[in-house]
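Q: here you go, sequence then predicted model.
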Amino acid sequence: MKRGKKYRESLKKYDPAASFDLNEALGLVKSMAYAKFDETVDLSVKLNLKKSQSVRDTVILPNQFRGEKRVLVFCKPEKEKEAQEAGAMFAGADELIEKVKGGWTDFDVAVATPDMMKDVGKLGMVLGRKGLMPNPKTGTVTFDLKGALEELKKGRTEFRADKTGVVHLAVGKVSMESDKVAENVRSVISEIKRKRPIDAKGEFIQTVSVASTMGPGVWVIMKEGD
């Protein structure tokens, strides 16, 4: 893959093969960001997983950097008012299901009450592809709509390991203080460690790296206390 001039210039600022402590790595990421917009800081964590193992959960980042999420709630008519009062932008049943079935996904998170999952499950081709399918493991399938939406407003974010065993997650913006982004990174790492499969063997976290949206990745040395 051919990289642009600014990207290549960034690579001259550090040794791409070297590893740095977290704050130093984030300082490098910030110094190498060159886009005209406020780039996102992305975290990548490579895990030692077998094909049969998976890591998936949610985390509330201590330092928020995104606007309020647009939440859609699939629910029966009697729960619509509760969903709307809790902050849902969209709430309903059949009408919303048909709309999503047609390809509409103008929302950030989908929540569903358990009695709606039989119908919502049929939207897998649309919601699954975009990572929007409600799931009990992430607290997005529940009758407690008020509690679920309160957690989402606090910034509860889902993370999962992909097929190669890597967890990718946005953890901040280049404009944020490095200490705040570092705190977010540590929160994610802590949650990932907590979700280590019981039968996982060897070193669970193999590599950690951070990068801005357009910039190169920087390897991170995660110390025991991190």
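A: Right, received. Where do you want to start?

Q: and the gap between residue 102 and residue 188?
A: 35 Å (CB to CB, to the nearest Å). From N, CA and C alone the C-beta is placed, and that goes for glycine too.

Q: looking at the two now, which is surrounded by more residues?
A: Taking neighbours as other CB atoms under 10 Å, residue 102 and residue 188 compare with residue 188 leading, 19 against 8.

Q: residue contacts, the more buried one?
A: By CB atoms under 8 Å, 6 or more residues apart in numbering, the residues touching residue 188 are 43, 45, 59, 61, 159, 167, 169, 171.

Q: go with 6 Å
A: Taking CB atoms under 6 Å, 6 or more residues apart in numbering as the criterion, residue 188 is in contact with 59, 169.

Q: give the buried residues for the helix or strand harbouring it.
A: Assigned by DSSP states H and E, residue 188 belongs to helix 178-194. Across helix 178-194, burial judged by 16 or more other CB atoms under 10 Å covers 178, 180-189, 191-192.

Q: now that helix - C-alpha only, CSV.
A: Provided in CSV are the C-alpha atoms of helix 178-194 (Å, rounded to 0.1, in the frame of the first residue of the first chain):
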residue,chain,number,x,y,z
SER,A,178,-2.3,12.6,26.8
ASP,A,179,-3.1,11.7,30.5
LYS,A,180,-6.8,11.5,29.7
VAL,A,181,-6.3,9.3,26.7
ALA,A,182,-3.9,7.1,28.7
GLU,A,183,-6.5,6.7,31.4
ASN,A,184,-9.0,5.5,28.7
VAL,A,185,-6.4,3.0,27.3
ARG,A,186,-5.8,1.6,30.8
SER,A,187,-9.5,1.2,31.3
VAL,A,188,-9.8,-0.8,28.1
ILE,A,189,-6.8,-3.0,28.9
SER,A,190,-8.2,-3.7,32.4
GLU,A,191,-11.5,-4.8,30.9
ILE,A,192,-9.8,-7.0,28.3
LYS,A,193,-7.8,-8.7,31.0
ARG,A,194,-10.9,-9.3,33.0
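
Q: domain parsing for the protein?
A: 5-65+157-221, 71-154 (automatic domain parsing).

Q: all helices for this protein, in order.
A: 5-11, 22-32, 77-85, 94-101, 117-120, 145-153, 178-194 (DSSP state H).

Q: just want the angle from the third one to helix 145-153.
A: Using axes from the mean of the first three to the mean of the last three CA atoms, to 10 degrees, one finds that helix 77-85 and helix 145-153 are set 30 degrees apart in direction.

Q: give me the buried positions along helix 77-85.
A: 79, 80, 82, 83.

Q: having no further points to raise, I will conclude here.
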